[in-house]
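1. How does the following fold in three dimensions:
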Amino acid sequence: MIAPLLVIIPMSFTSVQSFTFPPKGFSTQWYVNLFTNEHWYRGLFQSLAISLVVTALSLALGTGAALGMGKMGGVSRAVTSSLVLSPLIIPAVVSGVGTYAIFLNWHLAGSYLGFIFAHTALATPFVVMTVGAALRGFNRTLEDAAASCGANPLETFFLVVVPSIAPGLASGGLFAFMASFDEVVVASFLAGPALKTLPVQMFTSVWIDSDPTLAAVSTLIVAVTSVLIFVAMQVSRSRAAKRRA
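-> The predicted model follows:
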């Protein structure tokens, strides 16, 4: 799984328009093409815009669902958990066909709103899982202590609960962002002439031509993802060290 990453990075600096390894020559023209070719930079910015909105919505919905499920018990919790996590179980092609059929009737296919709704449904389960795991280690008596000091439920949530589950929220937000940004199957069904996310553009590029810009995009995604994961790990280690101290 790691080997293709090691191959794609040098290929993004090739000076010829073909996927050859080892690369011939050295050039950064494909990175320049990413930000100057309309098809590529428009897909990049559209993916970023959709992913940021999806991350915010997924954090709100997923955190609320995790809090509600944490107070349930027995059958009700099992049923609710199965429904919330079902997007992770259903095959992506089935989700894509079903989403396209429904959104076509609702005139949401090929629209930002349609992408946001579909990706939010796919990304929210990641937030539910990470926030749910963080809540299992949360001391519920802190909520009672805050209430006894005069804090209302909203103040208790933002001043007591959120700081305690911050690592779970950060991890859930990261997973939600990547789930939306990298999603290609459902996006292929919903894409239109004016709205084509970066993964769809990458998938299209494989079939139409051998554009090394694809390698440049892949390298940037790997680099950004690695940096985000490294930062999240460092923050988590720092918090753990402070707790031990």
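
2. Please make it C-alpha for all contacts and neighbour counts, starting now.
-> OK.

3. can you give me the strands in this protein?
-> Ranges of strands within the chain: none, based on DSSP state E.

4. Can you spell out the domain ranges of it, please?
-> Following automatic domain parsing, the chain resolves into domains at 1-36+212-245, 37-211.

5. Comparing those domains by mean pLDDT, which bottoms out?
-> When mean pLDDT is averaged over each of the domains of the chain, domain 1-36+212-245 scores lowest at a mean of 83.

6. next one: it to chain centre, how far?
-> Centre-to-centre, domain 1-36+212-245 and its host chain are 17 Å apart (Cα atoms, centre = their mean, to the nearest Å).

7. doesn't Ala109 make contact with Ala191?
-> Yes - using Cα atoms under 8 Å, Ala191 and Ala109 qualify as a contacting pair, with a distance of 7.1 Å.

8. which of the residues in stretch 143-159 are buried?
-> By neighbour count with 16 or more other Cα atoms under 10 Å, stretch 143-159 contains the buried residues 143, 146, 151, 156.

9. actually stretch 46-61, not the one I typed
-> 46-48, 50-59, 61.

10. residues in contact with that stretch?
-> Stretch 46-61 has contacts (Cα atoms under 8 Å, 6 or more residues apart in numbering) with 112, 115-117, 119-121, 123-124, 127, 169, 172-174, 176-178, 180-181, 195-198.

11. what about 6 Å?
-> Residues outside stretch 46-61 that contact it (Cα atoms under 6 Å, 6 or more residues apart in numbering) are 116, 120, 124, 173, 176-177, 180-181, 197-198.

12. In space, what's closest to Ser171 - neighbours in sequence excluded?
-> Nearest residue to Ser171 in three dimensions, chain neighbours excluded: Thr130, at 6.6 Å (Cα to Cα, 6 or more residues apart in numbering).

13. I'd say the one you found and Gly168 touch.
-> Yes - if you go by Cα atoms under 6 Å, Thr130 and Gly168 touch, sitting 5.1 Å apart.

14. returning to what we had before: pick the most deeply packed of the domains of the chain.
-> domain 37-211 (a mean of 18; mean count of other Cα atoms under 10 Å).

15. so how far does that one reach from one end to the other?
-> Chord length of domain 37-211, first to last residue, is 12 Å (Cα to Cα, to the nearest Å).

16. ok, now stretch 15-22?
-> Per Cα to Cα, the first residue of stretch 15-22 is 11 Å away from its last.

17. Check stretch 206-219 too.
-> 16 Å.

18. Need the contact partners of that stretch.
-> Contact partners of stretch 206-219, identified using Cα under 6 Å, 6+ apart, comprise 8-9, 12, 18, 30-31.

19. Likewise for stretch 180-192?
-> With Cα under 6 Å, 6+ apart, stretch 180-192 has contacts from 47, 51, 96, 109-110, 119, 199-200.

20. In PDB, list the C-alpha atoms belonging to it.
-> The C-alpha trace of stretch 180-192 is given here as PDB (Å, rounded to 0.1, in the frame of the first residue of the first chain):
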ATOM      1  CA  SER A 180     -15.900  14.100   1.600                       C
ATOM      2  CA  PHE A 181     -12.700  15.300  -0.200                       C
ATOM      3  CA  ASP A 182     -11.700  11.800  -1.400                       C
ATOM      4  CA  GLU A 183     -15.200  10.500  -2.200                       C
ATOM      5  CA  VAL A 184     -15.500   9.500  -5.900                       C
ATOM      6  CA  VAL A 185     -18.300   7.000  -6.400                       C
ATOM      7  CA  VAL A 186     -21.300   9.000  -5.200                       C
ATOM      8  CA  ALA A 187     -19.700  12.100  -6.700                       C
ATOM      9  CA  SER A 188     -19.500  10.500 -10.100                       C
ATOM     10  CA  PHE A 189     -23.300  10.000 -10.100                       C
ATOM     11  CA  LEU A 190     -24.000  13.500  -8.900                       C
ATOM     12  CA  ALA A 191     -21.400  15.400 -11.000                       C
ATOM     13  CA  GLY A 192     -22.600  17.800 -13.700                       C
END
